[in-house]
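*Asks:* Quick one: sequence plus predicted model below, questions after.
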Amino acid sequence: MEAVSAPQAPAATDTGLRRVLLVLCVTEVTSWGVLFYAFPVLLGKITIATGWSATALTAAFSAGQLLTALVGILVGRWLDRRGPRGVMTAGSLLAVAALVLVATASSLRWFFAGWLLVGVAMGAVLYPPAFAALTRWHGPDRVKALTVLTLAGGLASTVFAPVTAALSAHFDWRATYLVLAAILAVVTVPGHWLGLRLPWPPRAVAEPGHAHLADPGRIGRSPVFLTLAIALSITAFASFAVVVTLVPLLTERGIDSGTAAVALGLGGVGQVASRLGYGALASCTSVRTRTLLILLAIAATTTLLGVLTTAAALIAAAVLGGMARGVFTLLHATAITDRWGTAHYGQLTGLLSAPLTITMALAPFATTALAAAVGGYAAVYLLLGGLVAAAAVLSLVAIPKHARKEPLS
């Protein structure tokens, strides 16, 4: 697919690479936990304290997600040229300032402004830039590094949901966000600035037979890329819709909220556990086959959640669904290198991630509105399962002619 890039600088030792991976694991857990997972924990308290509607507050949060998608494209271009240190540090500084604005907002307008800035910061500090960093630095060992990172990232809600709840039990929501902003500042700003100092390896050079790969704009406009973006965006929409509406679905089935919350948590455990097997799956399947299998697994588990009625069966389906979503994250992380190599990974991943982020931002509103229109969440899950099945079929043609399975170490 591509010629091997120039040797890494001497400073990029195994110890240095392990340090980078550790730093990104810690900063991703913190960034996701503070910037994303704290919000649903505090939403009720913010509504009660301010009188602002939950719909308006969630709209502010989703608006930030939309900006994340757009900023990610620009960040990807920067990463390919300069590396992650500067942009991720700047993103962390902006995130801290934005959270302070959220915490001190005197009106809904300022609350919106704060979340828009948070969205900009997210585009510079969440998974896509971290994926780009590990893909370039770890080279042929990238799948192992990405697996470790996503395993750690999967713990963000496990760590920060209870931390946020504990803080909010002693402070109001504003003080809680200020404490979380301080945690973010202490962990991520020095982490990104001091921990990402390795020399940025030179960009890989495309083989003469694939000279067209030197033009990322041409790749981004190609039918294969657009088809891949559509297939993964549909799947991301359904996957996130399941996460945010699983508890309402289970309570609709007559399951108490405590058991429903346990089911959601077990799905998260399945999501983390399944990532351990992604390297083995990638080593023994083609790009086309594993993409099809993972998308079909998400379609099947989503459909099962819409069909099953007993608590035990629904909990089992929730765990299986979590496992499918877990490997989907790694499928997204490796989609570019599997098809077009590493030369323009940052820019192309930014382009690919943009529609996925947009659909995820719209999923809570769209799913809830659809459930009201069709008479319940079960019917919505059946519809979502069908859409992802169609996306799985669509993914069969989202493979460039030159793509081949690469050996993974």
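*Replies:* Nice, thanks for sending it over. Numbering: from 1, shown residues only.
*Asks:* rest of the way, CA atoms for contacts and neighbours
*Replies:* Fine.
*Asks:* can you list the weak-confidence ranges in the stretch 101-250 of the chain?
*Replies:* When residues are selected by pLDDT under 70, those of the stretch 101-250 of the chain lie in 203-214.
*Asks:* at 90 instead, please
*Replies:* 127-128, 131-132, 135-136, 138-144, 147, 150-162, 164-166, 169, 200-221, 240-250 (pLDDT under 90).
*Asks:* Would you map the helices across it?
*Replies:* Taking DSSP state H, counting those that start in this stretch to define them, one finds helices in the stretch 101-250 of the chain at 108-125, 127-138, 142-153, 156-170, 173-195, 216-221, 223-252.
*Asks:* Let's have those helices in CSV, adding mean neighbour count.
*Replies:* CSV is the format used below for the helices of the stretch 101-250 of the chain (neighbours: other CA atoms under 10 Å):
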stretch, mean neighbour count
helix 108-125, 24
helix 127-138, 24
helix 142-153, 22
helix 156-170, 17
helix 173-195, 20
helix 216-221, 15
helix 223-252, 22
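*Asks:* Any chance of those helices in TSV with distance to R85 as columns?
*Replies:* As requested, the helices of the stretch 101-250 of the chain are exported to TSV (distance: least, CA to CA, whole Å):
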stretch	distance to R85
helix 108-125	10
helix 127-138	9
helix 142-153	17
helix 156-170	22
helix 173-195	6
helix 216-221	23
helix 223-252	28
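*Asks:* Nearest approach to K45 belongs to which of the ones you listed?
*Replies:* helix 173-195 (6.5 Å; CA to CA).
*Asks:* Alpha carbons of the closest one, as PDB, please.
*Replies:* Provided in PDB are the C-alpha atoms of helix 173-195 (Å, rounded to 0.1, in the frame of the first residue of the first chain):
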ATOM      1  CA  TRP A 173     -23.300  22.200  39.500                       C
ATOM      2  CA  ARG A 174     -21.200  25.300  38.900                       C
ATOM      3  CA  ALA A 175     -18.600  24.500  41.600                       C
ATOM      4  CA  THR A 176     -18.600  20.900  40.300                       C
ATOM      5  CA  TYR A 177     -17.700  22.000  36.800                       C
ATOM      6  CA  LEU A 178     -15.000  24.300  38.200                       C
ATOM      7  CA  VAL A 179     -13.400  21.400  40.100                       C
ATOM      8  CA  LEU A 180     -13.600  19.200  37.000                       C
ATOM      9  CA  ALA A 181     -12.000  22.100  35.000                       C
ATOM     10  CA  ALA A 182      -9.100  22.100  37.500                       C
ATOM     11  CA  ILE A 183      -8.700  18.400  37.100                       C
ATOM     12  CA  LEU A 184      -8.600  18.800  33.400                       C
ATOM     13  CA  ALA A 185      -6.000  21.500  33.600                       C
ATOM     14  CA  VAL A 186      -3.700  19.600  36.000                       C
ATOM     15  CA  VAL A 187      -3.800  16.300  34.000                       C
ATOM     16  CA  THR A 188      -4.100  17.200  30.300                       C
ATOM     17  CA  VAL A 189      -2.200  20.500  29.800                       C
ATOM     18  CA  PRO A 190       1.100  19.300  31.100                       C
ATOM     19  CA  GLY A 191       0.300  15.800  29.900                       C
ATOM     20  CA  HIS A 192       0.000  16.900  26.300                       C
ATOM     21  CA  TRP A 193       2.800  19.500  26.400                       C
ATOM     22  CA  LEU A 194       5.400  17.400  28.200                       C
ATOM     23  CA  GLY A 195       4.300  13.900  27.200                       C
END
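*Asks:* what packs against it?
*Replies:* helix 14-32, helix 38-50, helix 85-104, helix 156-170 (3 or more CA pairs under 8 Å, 6 or more residues apart in numbering; DSSP states H and E).
*Asks:* Using a markdown table, lay out those helices together with distance to I73.
*Replies:* Shown next, in a markdown table, are the helices and strands packed on helix 173-195 (distance: least, CA to CA, whole Å):
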| stretch | distance to I73 |
| --- | --- |
| helix 14-32 | 19 |
| helix 38-50 | 25 |
| helix 85-104 | 13 |
| helix 156-170 | 24 |
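*Asks:* Those helices: which one's closest to W137?
*Replies:* Using CA to CA, the nearest of the helices and strands packed on helix 173-195 to W137 is helix 14-32, at 7.2 Å.
*Asks:* Identify each buried residue in the closest one, please.
*Replies:* 16-17, 20-32 (16 or more other CA atoms under 10 Å).
*Asks:* coming back round to it: nearest approach to A361 belongs to which of the helices and strands packed on helix 173-195?
*Replies:* Judging the helices and strands packed on helix 173-195 by CA to CA, what sits closest to A361 is helix 38-50, at 13.5 Å.
*Asks:* Tell me which other helices or strands the helix or strand following the closest one touches.
*Replies:* Once the chain leaves helix 38-50, the next helix or strand it forms, by DSSP states H and E, is helix 54-82. Applying 3+ CA pairs under 8 Å, 6+ apart, we find helix 54-82 packed against helix 38-50, helix 85-104, helix 108-125, helix 127-138, helix 345-374.
*Asks:* Repeat the analysis, applying 6 Å as the threshold.
*Replies:* If contacts are counted by 3 or more CA pairs under 6 Å, 6 or more residues apart in numbering; DSSP states H and E, helix 54-82 sits against helix 108-125, helix 345-374.
*Asks:* Report the rounded mean pLDDT for the strand or helix carrying A313.
*Replies:* Using DSSP H and E, A313 maps to helix 311-340. Helix 311-340 comes out with an average pLDDT of 92.
*Asks:* And that helix, what's buried?
*Replies:* 311, 314-340.
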